[in-house]
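Q: The sequence isn't on hand, but the structure is:
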């Protein structure tokens, strides 16, 4: 428990298309910006996203917009 005591729980992505501000602090205004702002524990995932082909990135973003 101590290793998670100071961490923020990520909200489910359901309804993400209805939010104009993203991230815990509302700092991101687009899904792409939110993905790119993830550092620390999610940095490896962000790097994998950046390595995707353009069409794959757009497919993922389109899926997120459908939630």
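A: That came through, no problem. What you see is a predicted model; the values in this text were computed from it and never measured. Numbers count the residues shown, from 1 in each chain.
Q: now for the helix or strand hosting residue 63, which elements pack on it?
A: Assigned by DSSP states H and E, residue 63 belongs to helix 54-66. Here helix 54-66 touches helix 31-37, going by 3 or more Cβ pairs under 8 Å, 6 or more residues apart in numbering; DSSP states H and E. (Glycine included, C-beta is placed from N, CA and C.)
Q: Residues in contact with the helix it packs on: which ones?
A: Contact with helix 31-37 is made by 16, 22-23, 27-28, 46, 49-50, 57, 61, 64-65, as judged by Cβ atoms under 8 Å, 6 or more residues apart in numbering.
Q: One more pass at 7 Å, please.
A: Residues from elsewhere that reach helix 31-37, judged by Cβ atoms under 7 Å, 6 or more residues apart in numbering: 22-23, 27-28, 46, 49, 61, 64-65.
Q: next one: stretch 45-57
A: Against stretch 45-57 from outside (Cβ under 7 Å, 6+ apart): 35-36, 38.
Q: Repeat the analysis, applying 10 Å as the threshold.
A: 32, 35-40, 42, 58-61 (Cβ atoms under 10 Å, 6 or more residues apart in numbering).
Q: How far does that stretch sit from its chain's centre?
A: 13 Å (Cα atoms, centre = their mean, to the nearest Å).
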